[in-house]
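In: Here is a sequence with its predicted model. Questions after.
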Amino acid sequence: MTRSAGRSVPRSDARAKVTGEAKYAVDASRPEMLHATIVRSDRAHALIKDIDTAEAAAIPGVSAVITSDDLDGLFPRFGHIVADHPILAIDRVRYYGEPVAMVLAASRHTAADAARLVRVSYEGLPEVMSIAAALEEGAPLLHEERYDHGDESFGEAMSDDWSPSNIAHEVCLEWGDVDAAFTDATEIVETTTHYPMLYAYAMEPYNALATFDEGALEVITTAQHPYQVREDLARIFDLPLAAVRVTSPFLGGGYGSKSYTKVEPLAAVGAWFSRRPVKLALDVEEAIYTTRADSATVTVKSAFGADGMLTARDFQLDLDSGAYADNGPLVLAKAVHRCFGPYRIPNLRVRGRSFYTNTTPASSYRGFGAPQGNLAGELNMDQAAERLGIDPGEIRRRNLLLPGEEVLPGARPLDADLPADLEMVLESLDSSRPRGPLHGIGFGASASDAGAFPVSTATIKVHADGSVTLLTGSTEMGQGSQTALAQIAATELGVPLGSVRVLQSDTAITPYERTTGASRTTTLTGLAIQRACADALEKMMAMVSESREVPVEDVKTSDGVISIPGGGDLTFAEAVQDWFGSRAGEVTGVGIVRKADSTAMLPPFWEIGMVGVEVSVDAETGYVTVDHLATVGDVGYAINPALVEGQDLGAATQGLGAALFEQLIYDGPQPLNPNVVDYRVPRSRDVPRTIDTMLAERRDGVGPYGAKGSGEGALNPIGGAVAAAVGRAIGRWPDRLPLTPEYVWRLMHMETEAE
Amino acid sequence: MSVLPPFELHRPTSIEEVVELISWDDLPYVGGTELLLAMRAGLLNPRSLIDLKGVAEITGVRAHNGAVRIGAAVTHQQAATTEVISEKLPELPPVLLHVGNPRVRWSGTLAGNLCFAEPKSDVIPFLIALDATVTLVSADGSREMSVREFIIGPYFTARTEHELLAWIDIPVVPGRRGTYLKYQVMERPTVGVAAVRLDEGDSTITRVVVGAAGEVPVVHDVDHAHPDRSAVATAVVDALEPIDDLTGSSDYKRHVTAVYVERALEKLERM
């Protein structure tokens, strides 16, 4: 039988998704269901003086109008790191679009009409719309109280000392003697960049359907991490985890924006209050008011010796994280870890701060703090190469970490061959070929401490007919986990891929999975599946040993067959049926991954980004065209090569969005472009003319067959690579993204304008 | 708000029925590509919509009196692929096939585009360049006027409360050449330039119409077959009143307008 792992088998969900038969959370409905509409703040910062719900409540078909006053007896906030986000605003709003009240009605239309009639009286407070404003002396404070903290495994994102301030969080990292290294440096190169505020456009906006039934809460939602959402919901309603069931069907895109709790508390509160199922489905505009990615200003100063070797780097990262913490503290911690490398740096200092501002709360976004810092870090390397007269490929060759070297003290040594990856990109770019005017190449590298905190469990059921069910709490959000995980199970059991059926993401049924993020699924869930399969095989061999009365050490298995001495081969079906004595029963294998054994050391793996681009710039308009894209998927082993390449192309394309077009713009207290007409995401015509998605399979990961994660890596260095390519094409280094035609045109004509 | 407010729907079959119904509170529609968005956004809340797709008199394209007559219910896609237009107005289909996106082209109409008077319309500058006219019909009769007169300002036309834009006439002029170039980064163009050359007896007129960059189209005629491109660009930019928006600052719009006027004229010369 052909081994399933390592082959580009078609996605198991492709037909259902292409034909429209696939079911998403937004498709879910229940009899007697009410529809919720959210009344949102039209102020960025204000005290709520009064909410008049009478007129809305009087509309026929309206069941209830709920405000925070109605949440008596509940824990009224959520947040997995800092429980600071009120489900419905309590006395005060802190960003435009914050939920203030919720209308429940028999139809969406009635709910929407009634929501327009809820009258909220505000008393305006001074607004903090930028990092600069947050830092001003006497700036108004967004938060004056300290909230409960969440799960201890987010320790790296929690601070012990606390005093009221608009600095939401600080993370510092330092080793060596940075100041001395700068004193002794041959060359010091300083770079400041600005990374835009982004929205992760998912085709399926946030939505949830909640039901309270006999004291238990059930929520069907478009969430990446249903087990994390369950925690927040259990706290709100003071329920045991067993009484909260969160289900995530196929997600219509996630990109990090659906990590952790978003609209689930609202729907659940509606169901709790009304005793009816409640559906809440946001549109894109409301989704933009729900979560965004951090914008960042990053300054890096690097010290070099005459030989082009880095002797020190000093980073200052300032992230605009919006009105509430959400996952912002962890994004900052990761940004600090991911900005300086992947280079050998004898002396390092990174100071990261994230700021509260009166804007949509920022949270996870594909790459998780890496793209913001990488833009500054990699452009800095390019500028250093120019200053030192060294080829930009060569300066990286000299400084890149080698396999097995330390990236972060105490962390897993580097499990990748970066110099080899770099050569692949340089070759694809034909980097030594001279380019014409207004053409340029750029490339960059990143290494992310990925995989997150390792907790994964998996269950394998071998049924009486020999078919297999794989149960996993990992979510299928378009990345293809349903397919890749089945390939691992089929390979481990030695059965055809078609006999494995995957059931995902139902906290009441599937085994625990901490998150579907940090590019962890193939590696960590994959390991748990390997162990579950081994457990199932071991149990079946023990059963055969018992039913056929042969010593267990004489029972063997391979290719889906269990063999005993004397040539007797049993299928899995026979093994199960023999032992149970009828056409019944099943064998359950359990696999567990935790911070132990091969995953004792964090991170579980380093996720590599290694990309290159060639661009051309229109002389008259400044329009940037990406002519060539090269990516290296340094994944150790590709369980499904086509899926890995798809992830790399998708990540790179999403990165091109921020590099060239995307930015959420605040015009005073309110976003100017909260829709996908004015917020410009990449289209099919923006995809580079030639694409070279390469794979590096060196079996150096901790996952199945040496696999490591992918999905974010190719995004992280794209911004810096495009900026460098444009810089070379026009002879001036950009200092910000997106590289809109107008910005590039202004850059090209800077001197002319100054005259 | 993503939910459409409630409305009544009429499905008349004749222009007479339409003009009986039509008012500021009873709006005609075909594809609804602009109207339904405005209704979802809460900008318009009409009592009823009047579906024109069943009105046979305005659902087709035909040659009429030296012109091509395009009915109010004709979509961009339908017009672009109609034989009479390919034959008599070969310069039009390439423009229509670049309007918006496929969803807009298959459901939106030229007449709807005119009535909405979106300043970033691709259709309006080109129809002005082709000297197109519109016919407005009401219960009291009908009147014809040029598209140039019809478009008064952003989202503002000469149509009055009880009038239906029934059809658009585009004169067929032998030997006329025309092209439309647009510069588009966002969902709508930063600038669109229509350039048309036509012989009028012993003289040749080159006309440039610029849309999207300003709030109203700028029309510039030159009495020459091969005008000085840079001079035309300068004159057009001088007449332009661009505003800063997400498609560009006014400075940048002036600059790319000049670039695209020159590019359009260069293309026209090769035609």
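Out: Cool, the structure landed. Numbers count the residues shown, from 1 in each chain, chains lettered A, B, ... in the order given.
In: any low-confidence regions in the chain?
Out: Using chain A here. Applying pLDDT under 70 to chain A flags the ranges A:1, A:150-161, A:751-755.
In: The chain in question should be chain B.
Out: Counting by pLDDT under 70, chain B shows low-confidence ranges at B:1-2.
In: run the last query once more with 90
Out: Within chain B, the segments meeting pLDDT under 90 span B:1-6, B:37, B:40-43, B:98-101, B:174-175, B:187, B:199-203, B:224-226, B:271.
In: could you pull out the helices for it?
Out: Per DSSP state H, chain B carries helices over the ranges B:15-21, B:35-40, B:76-80, B:83-88, B:92-96, B:102-107, B:110-116, B:123-129, B:147-150, B:229-239, B:250-269.
In: any chance of these in TSV, with mean neighbour count too?
Out: The C-beta positions use only the backbone N, C-alpha and C, and glycine is treated the same way. Listed next are the helices of chain B as TSV, based on neighbours: other CB atoms under 10 Å in any protein chain shown:
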stretch	mean neighbour count
helix B:15-21	18
helix B:35-40	17
helix B:76-80	23
helix B:83-88	15
helix B:92-96	21
helix B:102-107	15
helix B:110-116	24
helix B:123-129	28
helix B:147-150	19
helix B:229-239	17
helix B:250-269	21
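In: what residues does stretch A:177-184 touch?
Out: A:188, A:301, A:303, A:311, A:312, A:313, A:314, A:346, A:347, A:348, A:349 (CB atoms under 8 Å, 6 or more residues apart in numbering or on different chains).
In: Okay, buried residues for it please.
Out: A:178, A:181, A:182 (16 or more other CB atoms under 10 Å in any protein chain shown).
In: how far out from the middle of the chain is stretch A:41-48?
Out: 30 Å (CA atoms, centre = their mean, to the nearest Å).
In: nope, stretch B:91-109 is what I was after
Out: Using CA atoms, centre = their mean, the offset of stretch B:91-109 from its chain centre is 11 Å.
In: and that stretch, anywhere near chain A?
Out: No - looking at stretch B:91-109 against chain A by CB under 8 Å from any CB of the partner chain, there are no contacts, and the closest approach is 9.1 Å.
In: For PyMOL, what selects the buried ones among the contacts of stretch A:177-184?
Out: Typed into PyMOL, the line below selects the buried ones among the contacts of stretch A:177-184, using 16+ other CB under 10 Å:
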select buried, chain A and resi 188+301+303+311+312+313+314+347+348+349
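In: now, among the contacts of stretch A:177-184, which is nearest to chain B?
Out: The closest of the contacts of stretch A:177-184 to chain B turns out to be residue A:301 (CB to the nearest CB; 32.6 Å).
In: and the one helix or strand that closest one maps to, what does it pack onto?
Out: Take DSSP states H and E as the rule and residue A:301 turns out to sit in strand A:295-304. The helices and strands touching strand A:295-304, judged by 3 or more CB pairs under 8 Å, 6 or more residues apart in numbering or on different chains; DSSP states H and E, are helix A:178-184, strand A:187-195, strand A:310-320, helix A:370-388.
In: Please identify the deepest-packed of these.
Out: Highest mean neighbour count among the helices and strands packed on strand A:295-304 (mean count of other CB atoms under 10 Å in any protein chain shown): helix A:370-388, with a mean of 26.
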